[in-house]
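Colleague: using only what follows, build the 3D model:
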Amino acid sequence: MSVSTLQRDTAFQVRSLLRSLLRQSSQFSNYNFREYARRRSKDAIRQHQNETEDRRIQELIQEGLQNLRMMKRQTIISQFYQLDKLVVEGQKTGKQTGKEGDIVRQKDTG
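Modeller: Residues are numbered from 1 along each chain as shown. From the prediction side, this is the model:
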């Protein structure tokens with residue numbers, strides 16, 4: 001195998017790991033955890049994008065895989081403790097009732 005083939009394989013592994021981390025981070029039920037996991041995953045990749053030593057790259061990939069396993073456990077645990085959604089998550093707040101022009105609102109409980 002040539003050096004360029006190894007670099008392509010490593011680049012593929014890193015992209016695949018990043019996609020998996022981002023996909024898993026979207027599984028958090030809490031908005032704050034979800035956004036933190038996404039931001040932390042992207043920042044870690046950016047921080048080490050200029051790494052050239054093969055051994056160090058493999059260590060970082062293994063660390064990323066450990067973080068992915070930890071994130072999978074945490075997303076399962078977070079499903080047990082769901083809280084009300086925040087306003088920024090775009091939750092439906094209610095339905096308008098009354099005649100046209102009225103401002104009466106009812107909370108949507110469904």
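Colleague: buried residues, the longest helix seen in the chain. List them.
Modeller: Looking across the chain with DSSP state H, the single longest helix is helix 54-80. Of all the residues in helix 54-80, those buried under the rule 16 or more other Cβ atoms under 10 Å are Ile57, Leu60, Ile61, Gly64, Asn67, Leu68, Met71, Gln74, Thr75, Ser78. Using the backbone N, CA and C atoms, a C-beta is placed for each residue, glycine as well.
Colleague: for the third one, which non-adjacent residue is spatially closest?
Modeller: It refers to Ile61. Gln13 (5.8 Å; Cβ to Cβ, 6 or more residues apart in numbering).
Colleague: for the one you found, helix, strand, or coil?
Modeller: helix (DSSP: H, G, I helix; E, B strand; the rest coil).
Colleague: same check on Gln27?
Modeller: coil.
Colleague: picking that back up, which elements pack onto the longest helix of the chain?
Modeller: Helix 54-80 sits against helix 3-25, helix 31-47, with contacts defined as 3 or more Cβ pairs under 8 Å, 6 or more residues apart in numbering; DSSP states H and E.
Colleague: quick one: which of the ones you listed is nearest Glu53?
Modeller: Nearest to Glu53, of all the helices and strands packed on helix 54-80, is helix 3-25, at 11.3 Å by Cβ to Cβ.
Colleague: return the alpha-carbon coordinates of that closest one using PDB.
Modeller: Extracted C-alpha coordinates of helix 3-25, given in PDB (Å, rounded to 0.1, in the frame of the first residue of the first chain):
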ATOM      1  CA  VAL A   3       1.200   6.400   1.500                       C
ATOM      2  CA  SER A   4      -1.600   8.100  -0.400                       C
ATOM      3  CA  THR A   5      -3.800   5.000   0.000                       C
ATOM      4  CA  LEU A   6      -3.200   4.900   3.700                       C
ATOM      5  CA  GLN A   7      -4.000   8.600   3.900                       C
ATOM      6  CA  ARG A   8      -7.200   8.100   2.000                       C
ATOM      7  CA  ASP A   9      -8.200   5.200   4.300                       C
ATOM      8  CA  THR A  10      -7.500   7.300   7.300                       C
ATOM      9  CA  ALA A  11      -9.400  10.300   6.000                       C
ATOM     10  CA  PHE A  12     -12.400   8.000   5.300                       C
ATOM     11  CA  GLN A  13     -12.200   6.700   8.800                       C
ATOM     12  CA  VAL A  14     -12.200  10.200  10.300                       C
ATOM     13  CA  ARG A  15     -15.100  11.300   8.100                       C
ATOM     14  CA  SER A  16     -17.000   8.200   9.000                       C
ATOM     15  CA  LEU A  17     -16.300   8.800  12.700                       C
ATOM     16  CA  LEU A  18     -17.400  12.400  12.500                       C
ATOM     17  CA  ARG A  19     -20.700  11.500  10.800                       C
ATOM     18  CA  SER A  20     -21.300   8.800  13.400                       C
ATOM     19  CA  LEU A  21     -20.700  11.300  16.200                       C
ATOM     20  CA  LEU A  22     -22.900  13.900  14.700                       C
ATOM     21  CA  ARG A  23     -25.700  11.400  14.000                       C
ATOM     22  CA  GLN A  24     -25.500  10.100  17.600                       C
ATOM     23  CA  SER A  25     -25.400  13.600  19.100                       C
END
